[in-house]
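Participant: Build me a model from this:
(one chain, ligands or ions: 1)
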Amino acid sequence: MSAPLQPRLDRAMSSVTIPPPKCMLRPLEVPFRYLFGPGPSNVPPRVLAAGGRGIIGHLHPEMYEIMNDIKKGIQYAFQTQNNMTIAMSGSGHAAMECAVFNTVELGESVLVAVNGIWGERVAEIAERMGANVHIMVKAPGGVFSNGEIEKALAKHKPVLFFLTHGESSAGLAHPVDGIGDLCRKHNTLFLVDTVASLGASPIFMDQQNIDILYTGSQKALNAPPGTAPISFNERACQKMFNRKTKPVSYLFDMAHLSNYWGNDGQPARLYHHTGPVSGFFSLRESLAILAEKGLEESWRHHKEVAGYLWKGLEDMGLKLFIQNKDLRLPSVTTIAIPEGYNWREMLQYIMKHHNMEMTGGLGPSTGMVSHALQVFCLTFRPFNRHSYPE
Ligand code: PMP
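Facilitator: Next comes the predicted model:
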């Protein structure tokens, strides 16, 4: 039978030469997955529903109210009173680049602690923008002593020192106490990455004298990926708003972002870029859940669930990659793959048979930790029937 005449005529008269792709004529399909990798994590229905609300304009007064709420939620989560607190339109990398681009100028010295992939990344970001980058290197999961850090600060006199609090590629929660004081003594800004640890492992931005702190939405905060809280204290603002040159990125220029977030004291917020409205709704809701639950309860909950997981894994005869319990990240557990096993095959098996995403190492820990089944505690809730199918 020949095709009906009208569609054939329509096609013959069409001005487009590229037809609609067949895949776009099929409905969207998204499988259910237990997300036990280092992120994104499963998103609770309340946060998903917030992201599904109708769009409003990014410059509407109601949106400013929501952004003000987000700012307060971040201040609570970071334990800071910093006025210069915002959420980046972008993933954790946006916050990494924002921190470096705004506080460092061409040729200035930057010191980076590398004990996994995230230090490597920040070193590359700083190098790309023309900073004079110095690295202190340890094997994945290694811990830098305050003495070692002070020696390097004295030697390289950096304007910025970077440390990862929650090294997700190794499963390490790096101690932070005392480092902020050392940075002050050496006139260096202290930048800390808490993408994988915020909400799971205690951090106190003001008390620990951290000058710049950032995180991501998609880890222990349980929001979709795409927004990244960041905060700068007075010292950091002094440096970044007294630059000789403009930051290399327009999108990440804090002079503009500070106005967009109502932080610069100006009567009007001007158009800079269109923020991810739905992403901000979800982020607000996830910060609301954290505020309702309370930070201390969230830390306690992560520790308890992680302890349960560690015991279960060790009872099975598996070895955890970070041996010192006190240094283990409660949100990301790394397991050394037993000798003779292929970690890729194991992870594929778990995904195929149990719908569970777990991942291998990243960067320097790839193959070496041959390994790393990583679990975000807040997603490790097999009994939450609202989030998980039977
Ligand atoms: N820092 C750490 C510690 C991370 O775990 C991640 C993401 N795995 C990032 C930074 C980068 O975040 P994103 O993928 O959201 O850009």
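Participant: what about residue 46, neighbour count?
Facilitator: Applying other CB atoms under 10 Å, we find 15 residues neighbouring residue 46. Using the backbone N, CA and C atoms, a C-beta is placed for each residue, glycine as well.
Participant: now residue 263
Facilitator: Once other CB under 10 Å is used to define contacts, residue 263 is seen to have 19 neighbours.
Participant: what does the one 4 residues further on give?
Facilitator: For residue 267, the neighbour count with other CB under 10 Å is 5.
Participant: Next: residue 85.
Facilitator: Residue 85 is surrounded by 25 other residues when neighbours are defined as other CB under 10 Å.
Participant: swap in residue 174?
Facilitator: What residue 174 shows, counting by other CB under 10 Å, is a neighbour count of 24.
Participant: so what's it closest to, chain neighbours aside?
Facilitator: residue 165 (5.8 Å; CB to CB, 6 or more residues apart in numbering).
Participant: do the same with residue 163
Facilitator: Going by CB to CB, 6+ apart, residue 163 has residue 113 as its nearest residue, at 4.8 Å.
Participant: cool, and residue 152?
Facilitator: residue 136 (5.2 Å).
Participant: for the one you found, which residues make a bridge with it?
Facilitator: Here residue 136 sits in beta bridges with residue 113, going by DSSP bridges.
Participant: Per-residue confidence at it, what does it come out as?
Facilitator: Residue 136 is assigned a predicted lDDT (pLDDT) of 98.
Participant: ok so, going back, measure the residue nearest to residue 174 to residue 116 for me?
Facilitator: From residue 165 over to residue 116 the distance is 12 Å, taken as CB to CB, to the nearest Å.
Participant: The two - which one has more neighbours?
Facilitator: Counting neighbours by other CB under 10 Å for residue 165 and for residue 116 shows that residue 116 has the greater number, 28 against 25.
Participant: Was I right to think the more buried one contacts residue 167?
Facilitator: Yes: if you go by CB atoms under 8 Å, residue 116 and residue 167 touch, sitting 4.1 Å apart.
Participant: Which parts of this structure are helices?
Facilitator: Assignment of helices within the chain using DSSP state H yields the ranges 5-13, 45-51, 61-78, 92-103, 117-128, 146-156, 179-185, 234-240, 254-260, 277-293, 295-315, 343-354.
Participant: Please name whichever of these is nearest to the ligand.
Facilitator: helix 92-103 (2.4 Å; CB to the nearest ligand atom).
Participant: and that closest one with helix 117-128, angle?
Facilitator: Taking axes from the mean of the first three to the mean of the last three CA atoms, to 10 degrees, one finds helix 92-103 and helix 117-128 inclined to each other by 40 degrees.
Participant: Does helix 92-103 reach the ligand?
Facilitator: Yes: with CB under 6 Å from any ligand atom as the threshold, helix 92-103 lies in contact with the ligand, specifically through 92, 93.
Participant: packing partners for that helix?
Facilitator: strand 84-89, helix 117-128, strand 189-193, strand 212-214, strand 227-232, helix 234-240, helix 254-260 (3 or more CB pairs under 8 Å, 6 or more residues apart in numbering; DSSP states H and E).
Participant: Dump stretch 350-361 to PDB, restricted to CA.
Facilitator: Once side chains and other backbone atoms are set aside, the C-alpha atoms of stretch 350-361 remain, and they are given as PDB (Å, rounded to 0.1, in the frame of the first residue of the first chain):
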ATOM      1  CA  ILE A 350      26.500  -4.800  40.100                       C
ATOM      2  CA  MET A 351      24.900  -2.400  37.600                       C
ATOM      3  CA  LYS A 352      23.500  -5.200  35.400                       C
ATOM      4  CA  HIS A 353      22.100  -7.400  38.100                       C
ATOM      5  CA  HIS A 354      21.300  -4.900  40.900                       C
ATOM      6  CA  ASN A 355      20.800  -1.500  39.100                       C
ATOM      7  CA  MET A 356      23.400   0.000  41.400                       C
ATOM      8  CA  GLU A 357      25.900   2.500  40.200                       C
ATOM      9  CA  MET A 358      29.200   2.300  41.900                       C
ATOM     10  CA  THR A 359      32.400   3.600  40.300                       C
ATOM     11  CA  GLY A 360      36.100   3.100  40.100                       C
ATOM     12  CA  GLY A 361      38.800   5.500  41.100                       C
END
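Participant: List the buried residues for it?
Facilitator: Under the neighbour-count criterion of 16 or more other CB atoms under 10 Å, stretch 350-361 has 350, 356, 357, 358, 359, 360, 361 buried.
Participant: What is the burial count for residue 157?
Facilitator: 14.
Participant: wait, it sits on residue 132?
Facilitator: No: using CB under 8 Å, residue 157 and residue 132 do not qualify as a contacting pair, with a distance of 10.2 Å.
Participant: Overlap in contacts, those two.
Facilitator: residue 109 (CB atoms under 8 Å, 6 or more residues apart in numbering).
Participant: how about the residue lying closest to residue 243 once chain neighbours are set aside, what does it touch?
Facilitator: The shortest distance from residue 243 to any residue that is not its chain neighbour, by CB to CB, 6+ apart, is 5.9 Å, and that residue is residue 105. Contacts for residue 105 (CB under 8 Å, 6+ apart) come out as 243, 244, 245.
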